[in-house]
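Novice: please find the sequence and the predicted model below.
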Amino acid sequence: MKITTEFLVVGSGIAGLSYALKVADHGRVAVVTKREISETATNLAQGGIASVISSEDSFASHVRDTMVAGVYLSHEDVVQMVVESGPQAICDLINWGVRFTKRADDSYDLGREGGHSKRRILHAKDMTGQEIERALVEAVRSHPNITIYEHHIAIDLITDAKVGGGGRPQRCLGAHVLDIRKRQVLTLGAQITVLATGGAGKVYLYTCNPDVATGDGVAMAYRAGASIANMEFMQFHPTTLFHPNAKSFLISEAVRGEGAILRRSDGTAFMTQYHPLKDLAPRDVVARAIDNELKVHGDDCVYLDITHKDPDFVKDRFPHIYKTCLSFGIDMTLEPIPVVPAAHYLCGGVQVDIWGESDLANLFAIGEVACTGLHGANRLASNSLLEGVVFADRVAQRCLARLAEGAQPLPEITPWDYGRATDSDEEVVVAHNWDEIRRCMWNYVGIVRSDKRLDRAWRRLQLIDEEISEYYWDFYPTSDLIELRNITTVAKLIVRCAQQRKESRGLHYTIDHPDTDDLHWKQDTVVRKRF
Ligand code: SIN
């Protein structure tokens, strides 16, 4: 089946949906999402969205905190633009129906998180993402120009080179998309294609990301010829619940923002030894400190202690975390929560300019899939939801201006070629490779790296990649196979960027190059496919 549209959006989190709402009055929008519309990382976000709202705060302070957390690799013009656009982005969300938590005097309750020198996190208790997703889904569902394709997974981007017989691709023309339930590949031709596919936490064995976080956008953009940057900067969240049945449930940094203290099993508070900001140090510092504590003391986890706070306050401020911990037999008002770090946020991604456009014309990327220059070597907590809304608006402005110049006719796009593909009789291969990649990345490309471990990971991934490439075209596409190919590509991109960066900065720490080297490495690592 063949469909054409003005705007194709892949992904349905905060970035994709707010972009869809911004352009929907000007043309048809197709939103493609691989599970139910709300199955996104946005929906799981607890902490909130950072913006300068308080009269005691300033843009300069938010800019400084972002630059410090990003270890000065963030692009200052982008940081400035995002921070200054923050209040308008918050107004957009409120106008779309998002209800942030207020205080008794009707002012917004502002939380604090690691690396922020002021209280500036708007939140909906500890379910901010769920509230944002709810409001945006309601708004897109009621817009007549937006068609939502749930249970559809994009397989690959369509480029001028693919339809025109080769060469280096210059322009994106849409995507081939698998209708997972009907097992049919659709050809979706689009004037503008926007990747809003989120992150890639599933590349690692332990992650607090949802199952959908398989780096699809980065992998597709790379295969289509777009530049990919800073993939070595995978952020590990310091505190996810340590429990055999908890599937890395996140314990928001806002808990530390309200005074929780990290302790060893013997009760000693240890962050005093690592950073002047102690438990509210930037995330890379806290995750590395915990990693070190676990290795030195041979413990399985550390403990997050908020028992000194009024239990009613804790239950009211963190109802979701409180209930979830209780369901695992932990009453956080009475006992410390066992926690460990887990993969949380990809700071690198599809390299885009300050208008969100990649170096493949008409291909844009917003949200976690993009590398805009905001996060540098380590994202400041709660800057990601902000980035998603601000860049959705920038991209919308750019796309509308481009279409106003006159839509380019789409060339004839050939349908998906099934070749001699058959049904797979070897599902075990997919499961095995998937598991091997995630273990390999956790063990060799984790919080602390070395040249040797990275080389080892590269060799393993190379072998798996060859095996998948052989296997891939023999079978009908399935979402498992598509995701496996994508996590393999993304894992290799992470290792390639990590191998290039011969220094330690922010989230990339290697024992072989432990210092930050501004002279040679205050620059992005960029990789591009050869054609
Ligand atoms: C959290 O609630 O700790 C996550 C917030 C974020 O990653 O920005």
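Specialist: In hand now; what should we look at?
Novice: which parts of the stretch 251-400 of the chain are strands?
Specialist: Here the stretch 251-400 of the chain has its strands, by DSSP state E, counting those that start in this stretch, at 261-263, 302-305, 337-346, 349-351, 363-365, 370-371.
Novice: and of the ones you listed, who's closest to the ligand?
Specialist: Closest approach to the ligand among those (Cβ to the nearest ligand atom): strand 337-346, 5.9 Å. No exception for glycine: its C-beta is placed from N, CA and C like everyone else's.
Novice: run through the neighbouring helices and strands of the closest one.
Specialist: Judged by 3 or more Cβ pairs under 8 Å, 6 or more residues apart in numbering; DSSP states H and E, strand 337-346 is in contact with strand 234-241, helix 283-297, strand 302-305.
Novice: roughly how far is the shortest one from the heart of the chain?
Specialist: For strand 302-305, the gap between its own C-alpha mean and the chain's C-alpha mean amounts to 26 Å (Cα atoms, centre = their mean, to the nearest Å).
Novice: residues touching His26, list them.
Specialist: Residues in contact with His26 (Cβ atoms under 8 Å, 6 or more residues apart in numbering) are 6, 400, 403.
Novice: again, but for Ala135
Specialist: 93, 96-99.
Novice: go again using 6 Å as the cut-off
Specialist: By Cβ atoms under 6 Å, 6 or more residues apart in numbering, the residues touching Ala135 are 96-98.
Novice: what helix or strand is the closest residue to Asp465 other than its chain neighbours located in?
Specialist: Once flanking residues are discounted, Asp465 sits nearest to Thr488: 5.1 Å by Cβ to Cβ, 6 or more residues apart in numbering. Counting by DSSP states H and E, the element that carries Thr488 is helix 479-500.
Novice: gap between the residue nearest to Asp465 and the ligand?
Specialist: Distance, Thr488 to the ligand, using Cβ to the nearest ligand atom, to the nearest Å: 26 Å.
Novice: count of neighbours near that residue?
Specialist: Thr488: 25 surrounding residues under other Cβ atoms under 10 Å.
Novice: got the phi/psi numbers for Asp515?
Specialist: Dihedral pair for Asp515: phi -100, psi 160, per degrees, to the nearest 10.
Novice: quick one: contacts for it?
Specialist: Taking Cβ under 6 Å, 6+ apart, we find Asp515 in contact with no residue.
Novice: about what we covered before: and the contacts of His26 as TSV, adding distance to Thr159, neighbour count and pLDDT?
Specialist: As requested, the contacts of His26 are arranged in TSV below (distance: Cβ to Cβ, whole Å; neighbours: other Cβ atoms under 10 Å; pLDDT from 0 to 100):
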residue	distance to Thr159	neighbour count	pLDDT
Glu6	18	19	97
Leu400	23	17	97
Leu403	19	17	94
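Novice: so which of these is the closest to the ligand?
Specialist: Nearest to the ligand, judged by Cβ to the nearest ligand atom, of the contacts of His26 is Leu400 at 29.4 Å.
Novice: near the ligand, which residues of the stretch 301-450 of the chain show up?
Specialist: Counting by Cβ under 6 Å from any ligand atom, the positions of the stretch 301-450 of the chain adjacent to the ligand are 345, 381-382, 384.
Novice: and for the chain?
Specialist: Proximity of the chain to the ligand, by Cβ under 6 Å from any ligand atom, involves residues 46-47, 252-254, 345, 381-382, 384.
Novice: averaged pLDDT, stretch 508-525. What do you get?
Specialist: The average pLDDT for stretch 508-525 rounds to 98.
Novice: which residue is the nearest non-sequential neighbour of Thr324?
Specialist: Sequence neighbours aside, Phe249 is the residue nearest to Thr324 in space, at 5.7 Å (criterion: Cβ to Cβ, 6+ apart).
Novice: just how off-centre is the lowest-mean-pLDDT helix or strand in the chain within its chain?
Specialist: Of all helical and strand segments in the chain, the minimum by mean pLDDT, DSSP states H and E falls on helix 160-164, at a mean of 89. Relative to the centre of its chain, helix 160-164 is centred 30 Å away, using Cα atoms, centre = their mean.
Novice: next: stretch 488-497.
Specialist: Chain-centre distance of stretch 488-497: 15 Å, with Cα atoms, centre = their mean.
Novice: got a list of contacts for it?
Specialist: With Cβ under 6 Å, 6+ apart as the test, stretch 488-497 has contacts from 200, 203, 215, 218-219, 228, 231-232, 437, 441, 445, 454, 457-458, 461, 464-465, 468, 525, 527.
Novice: select from these every entry located in helices.
Specialist: Among the contacts of stretch 488-497, the residues falling in helices (DSSP state H) are 218-219, 437, 441, 454, 457-458, 461, 464-465, 468.
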